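Chemist: Kindly return the folded structure for what I paste below:
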Amino acid sequence: MFRRTAINRFRYIYSTITVLPPRFLSLRPIPKPVQFYRTTTPKPFQFRFFSSYSSSSSSNDKDYPTGDFNFEPITGFNKFLVKLKTILALPSEFVPHGSVLKIDLQGRISDQLSRTLCDPNVLSLPQICDNFLKAAYDPRISAVYLCIHSLNCGWAKLDEIRRQISNFRKSGKMVVAYVPSILPKEYYIACACDEIFAPPGVGDEIYTPPYDCVGFGFHNLSYRSFVCCLYDNPYKNLYDFAGDNDYQALTPFVDIIYSNWLDKVSSSRGKKREEVENFINEGVYQVDKLREQGFISSLVYDDEVITLLKERLGVKSLPMVSFRKYSKVRKWTVGIAEANDLIAIIRSSEAMRSGIVTNNFIKKIDMVKASKKFKAAIIRIDSLGGDVHASYSMWEAIDSLASKKPVIASLSDVATSAGYYMAIGAGTIVAENLTLTGSIRGTFSQNFNLDNCYENIYFEDDTEMCPFTPYDVDIYDAPPSISMTLARIHKMKKVEHGRIWTGKDAASHGLVDAIGGISCAIAIAKSKANIPQNRQVTVVELS
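Modeler: Next up is the predicted model:
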């Protein structure tokens, strides 16, 4: 009797899926048979690795796996289960069929998880990647609409977002961008989309001299940036053009960023690099000329973009779902299940200071070290550095873990000074092309330049920055361990001199092992843990 009842209920649910139009699915009566979602106690944030953070990776000495994303559509009975889950989803996960996911990219983008952010206006890069992955597999999402405002983040995070856009497009769905103001970083993201829209009369600075060349400072000549080193350092003043050494220190950043920008924009828009460079060198251009040259699709306002989307998708109504609401949708709902092999990710996205943050980081390292569930660990670093003693304690914990399990350091926008120092504790270091790293023998800071003000009030300032103590020197000259190899130390002492390098240059000097995003780090971790590349893993966020 029970078996017959279950069969009848299954037939009833199946008939409601195949007969009713999508707009009526939310109104149909739901029988009470089986509970399709789990009610267990909350667990750490987990997701099944589908190479969603894919990146083209280049290696230094070894042929490391890239972790490139390959979209595999869900078919057969699994497709039916996904459709069933989306219909029976919790109210917080309900999304109308044919919806467009709208993502407002604006302001600061952090490498921390959204639940750890104190400011609700700060976007979480892991959550952005997570939502793109879910939307690619979610049958209810038909397109993504990016509204890109002024961005406050480094170029490495922008490269990660570009990859997410590229991965989503592999699903066959459309991504369109609306850019209220055409600036270098905003256009860098927009050109990865299928179409780019901008309002008439928009301000146009598609590429200007990169005063914000490193992504988090240098807005104008009112700032000075110092690299203060323990020993003699010819590159100690990065933004003072008085000497040849200072010019040598700044020029590579500008050249590499500009070259990377030209390469990505030209390939995304189907143009030759020389064609884009010649257009930029003209210096004065109107927004209409951008449309004529194919840099943007059309000049329309925000509400008109929705009308154009309806035409592209062939629908009369277009429901929109916000980024914040879609973040509540679980991966399980859209068919992304968990795997048995676990890899831990521990994030360090703040200045390193002795106290609660450092102690929690070390506790998580010790937990992964003691647990048999985790096959490997990834240390995600986005930090300018910080306290010498805190960084040494974190490096020591990472080095201890690396002696037991594979540990991969993944560098985000910046990992300088103590940030790079702790990365050396890992067995392999992965960075983006435009990651800022190095400065292992110093700190990176910013001060206001008040020289002109002092001259006007006839005031002389002879203040000098406080030097490091001999004890600090001993900390940074700590003896090498298993993971901090003599070869890397030799290369570091030979080329470092307190300088800051881009990830691309750091790889050429042996300070970084591979170029890529976090997917590259996951792929290398799988390789080090003897997990086949075609086997799915569950990445557990412990931050």
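
Chemist: Surely Glu275 is in contact with Ser266?
Modeler: Yes. The criterion here is CB atoms under 8 Å, and Glu275 meets it with Ser266 at 7.2 Å. For glycine as for every other residue, the C-beta is placed from the backbone atoms N, C-alpha and C.

Chemist: and for these two, which residues touch both?
Modeler: Between them, Glu275 and Ser266 share no contacting residue under CB atoms under 8 Å, 6 or more residues apart in numbering.

Chemist: if you count what's nearby, which of these two comes out ahead?
Modeler: More neighbours surround Ser266 than the other of Glu275 and Ser266, with 17 against 14 (other CB atoms under 10 Å).

Chemist: Against which helices or strands is the strand or helix carrying the more buried one packed?
Modeler: Ser266 belongs to helix 244-268 when elements are defined using DSSP states H and E. Packing partners of helix 244-268 (3 or more CB pairs under 8 Å, 6 or more residues apart in numbering; DSSP states H and E): helix 155-169, helix 184-190, helix 273-281, strand 500-502, helix 503-508.

Chemist: Figure out which of those is closest to Asp399.
Modeler: helix 503-508 (20.0 Å; CB to CB).

Chemist: name the helices or strands packed onto that closest one?
Modeler: helix 244-268, strand 428-431, strand 436-438, strand 514-515.

Chemist: mind putting those in CSV, mean pLDDT included?
Modeler: Below are those laid out as CSV (pLDDT from 0 to 100):
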stretch, mean pLDDT
helix 244-268, 79
strand 428-431, 95
strand 436-438, 88
strand 514-515, 94
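
Chemist: highest average neighbour count across the ones you listed?
Modeler: Of all the helices and strands packed on helix 503-508, strand 428-431 has the most neighbours on average by mean count of other CB atoms under 10 Å, namely a mean of 30.

Chemist: Just the CA atoms of that one, as PDB, please.
Modeler: Taking Å, rounded to 0.1, in the frame of the first residue of the first chain, the C-alpha atoms of strand 428-431 are listed here in PDB:
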ATOM      1  CA  THR A 428      53.900  25.800  -4.000                       C
ATOM      2  CA  ILE A 429      53.100  29.400  -4.600                       C
ATOM      3  CA  VAL A 430      50.500  30.400  -7.200                       C
ATOM      4  CA  ALA A 431      49.900  34.100  -8.200                       C
END
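
Chemist: Identify the residues contacting it?
Modeler: 57, 64, 156, 407-411, 415, 423, 437, 503, 506-507, 511-518, 520-521, 524, 528.

Chemist: Quick one: closest of the helices and strands packed on helix 503-508 to Phe80.
Modeler: When the helices and strands packed on helix 503-508 are compared (using CB to CB), the closest one is helix 244-268, at 36.6 Å.

Chemist: quick check: angle from that closest one to helix 155-169?
Modeler: 10 degrees (axes from the mean of the first three to the mean of the last three CA atoms, to 10 degrees).

Chemist: If you compare the directions of helix 244-268 and helix 273-281, what angle comes out?
Modeler: 120 degrees.

Chemist: where's Lys369, which helix or strand?
Modeler: Using DSSP H and E, the element containing Lys369 is helix 356-370.

Chemist: For the residue nearest to Asp505 when sequence neighbours are not counted, give its distance to Ala506.
Modeler: Distances taken as CB to CB, 6 or more residues apart in numbering place Pro252 nearest to Asp505, at 6.7 Å, with adjacent residues excluded. For Pro252, the distance to Ala506 (CB to CB, to the nearest Å) stands at 11 Å.

Chemist: Likewise for Ile518?
Modeler: Distance from Ile518 to Ala506, by CB to CB: 17 Å.

Chemist: cool, Tyr301 as well?
Modeler: 44 Å.

Chemist: How about Leu436?
Modeler: For Leu436 relative to Ala506 (CB to CB), the value is 9 Å.

Chemist: again, but for Ser99
Modeler: 42 Å.

Chemist: Next: Ile378.
Modeler: 18 Å.

Chemist: Settle it for me: which of these two has more neighbours?
Modeler: Ala506 (29 against 23).

Chemist: What does the pLDDT read for that one?
Modeler: Here the pLDDT value assigned to Ala506 is 89.

Chemist: what sits against it?
Modeler: 431, 435, 437-438, 512.

Chemist: pLDDT averaged over stretch 367-385 - what is it?
Modeler: 94.

Chemist: ok, for Lys170, nearest residue in space, not its chain neighbours?
Modeler: Lys170 sits nearest to Phe71 (CB to CB, 6+ apart), 4.1 Å away.

Chemist: Spit out the contact partners of that neighbour.
Modeler: Counting by CB under 8 Å, 6+ apart, Phe71 has contacts 136, 167, 170-171.

Chemist: Look up how far Ile398 lies from Val357.
Modeler: With CB to CB as the criterion, Val357 and Ile398 are 15 Å apart.

Chemist: returning to what we had before: in the helix holding Lys369, which residues are buried?
Modeler: Neighbour-count burial for helix 356-370, with 16 or more other CB atoms under 10 Å as criterion, is recorded at 357-358, 361-362, 364-365, 368-369.
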